[in-house]
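Peer 1: pasting the sequence and the predicted coordinates here, then a few questions.
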Amino acid sequence: MRQASHRLTVATRGRGLVEITAEISGWVAEQRLATGLLTLYCRHTSASLLIQENADPDVRADLEAFFARIAPEEPGRYVHDAEGPDDMPSHIRAALTQTQLSIPILSGRLALGTWQGIYLFEHRRAPHRRELVLHVIGE
Amino acid sequence: MRQASHRLTVATRGRGLVEITAEISGWVAEQRLATGLLTLYCRHTSASLLIQENADPDVRADLEAFFARIAPEEPGRYVHDAEGPDDMPSHIRAALTQTQLSIPILSGRLALGTWQGIYLFEHRRAPHRRELVLHVIGE
Amino acid sequence: MRQASHRLTVATRGRGLVEITAEISGWVAEQRLATGLLTLYCRHTSASLLIQENADPDVRADLEAFFARIAPEEPGRYVHDAEGPDDMPSHIRAALTQTQLSIPILSGRLALGTWQGIYLFEHRRAPHRRELVLHVIGE
């Protein structure tokens, strides 16, 4: 049984989903594990992780509209606003999605479904550099 | 230290929670690990996983009503509607719940609380066959 | 490769976030693993886990207000109300947050980001004693 870990920095372009399936799958392939478990961890509280449909970009637009509706930027709505009106909605979006995802590795590949992609979900309006930690264990 | 993996297909009857605690616990018991970690992974973007109260069926009805209220089917609400009015609400429900769950194994059993059940949450109106991947590591 | 597990009981003071970063990090440090994976599991359906910003207490107040708005206590809103008006909102809050969290261990420490804290999220109005299961694997 072996482990490996890696830090991956992802540049975002402001609010929205950034697909990272290829980078993650590529690193997992290099580890040459037949069976195992990948864990992705996002080291931020205003960005998060999501498995979503990778086929139709409209899904990403609709998801964005959904989160904008349930956690709107609105003057006076939040006590915590020192970092800007998009800061507290970002923490709420992060709370409702995932800070961590684990995906089994079968026959040397991530067990993603056909239509699943792995996304980093940037919640702030401005571009950021986000750090993810990857960990695998298996053999 | 050993690993094992398994693919489990669950037939759903359309939107709602399907309890899968017995199937999952049964497979884990067969692996004969005293201590370890089980990971469940759902290979879909319109079905997901949830730990919920297993005692009162009303909880499931109330959960369903909650999700129908925050992510309603509504003509014109979503851009992504090629697969039907229940498709985009399904992706939102999946984003808000879990694609993956990990549960420690202690003394040969899943460390579930007394009132916890493991559920597959079908988000589409029509019945589907959903594929889960199970992975354990331990000894 | 080794494993360890632990049961941690956390006393809550009713609804709200209880920071548990120090207890968790302390137990992980005692395990003396250079690289590994920590899994936290919450054995309840009306309390859950959350990674959130640990710097500004206003974030916790705003999170609480958000969940009170989307899953309000309201007479007649829920079928399941035998355990009180805060019971079904508690299950909804638990469904929207995490029952389980896994965090990689790098260089002997949890890979938490600078502003991240680990919280137990109590959803009931009354104080409770909540049981968490901790599991590590690594070397």
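Peer 2: Yes, it's here.

Peer 1: show me what contacts the closest residue to residue A:118 other than its chain neighbours?
Peer 2: Closest residue to residue A:118 apart from its sequence neighbours, by CB to CB, 6 or more residues apart in numbering or on different chains: residue A:21 at 4.7 Å. Heads up, the C-betas are built off the backbone N, CA and C, glycines and all. With contacts defined as CB atoms under 8 Å, 6 or more residues apart in numbering or on different chains, residue A:21 is in contact with A:54, A:112, A:117-118.

Peer 1: again with residue A:61
Peer 2: With the criterion set at CB under 8 Å, 6+ apart, residue A:61 makes contact with B:79-80.

Peer 1: list the buried residues in whichever strand or helix holds it.
Peer 2: Here residue A:61, judged by DSSP states H and E, is contained in helix A:57-70. The neighbour-count check on helix A:57-70 (16 or more other CB atoms under 10 Å in any protein chain shown) flags A:59-60, A:62-63, A:66-67, A:70 as buried.

Peer 1: next to chain B, which bits of chain A? Give me the list.
Peer 2: Contact residues (CB under 8 Å from any CB of the partner chain) of chain A with chain B: A:1, A:35-37, A:50-53, A:56, A:58-59, A:61-63, A:65-66, A:70, A:96-98, A:101-104, A:106, A:111-116, A:137-139.

Peer 1: what subset of those is buried?
Peer 2: For the residues of chain A next to chain B, buried by 16+ other CB under 10 Å: A:35-37, A:50-53, A:56, A:59, A:62-63, A:66, A:70, A:96-98, A:101-104, A:106, A:111-113, A:115-116, A:137-138.

Peer 1: which members of the residues you listed occur in helices, if any?
Peer 2: In helices, defined here by DSSP state H, the members of these are A:59, A:62-63, A:66, A:70, A:96.

Peer 1: ok, and of these, which contact chain C?
Peer 2: A:70, A:96.

Peer 1: would you turn the ones in helices among the buried ones among the residues of chain A next to chain B into JSON lines with pLDDT and distance to residue C:16?
Peer 2: Converted to JSON lines, these look like this (pLDDT from 0 to 100; distance: CB to CB, whole Å):
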{"residue": "A:59", "pLDDT": "93", "distance to residue C:16": "34"}
{"residue": "A:62", "pLDDT": "95", "distance to residue C:16": "32"}
{"residue": "A:63", "pLDDT": "95", "distance to residue C:16": "29"}
{"residue": "A:66", "pLDDT": "97", "distance to residue C:16": "26"}
{"residue": "A:70", "pLDDT": "96", "distance to residue C:16": "21"}
{"residue": "A:96", "pLDDT": "98", "distance to residue C:16": "18"}
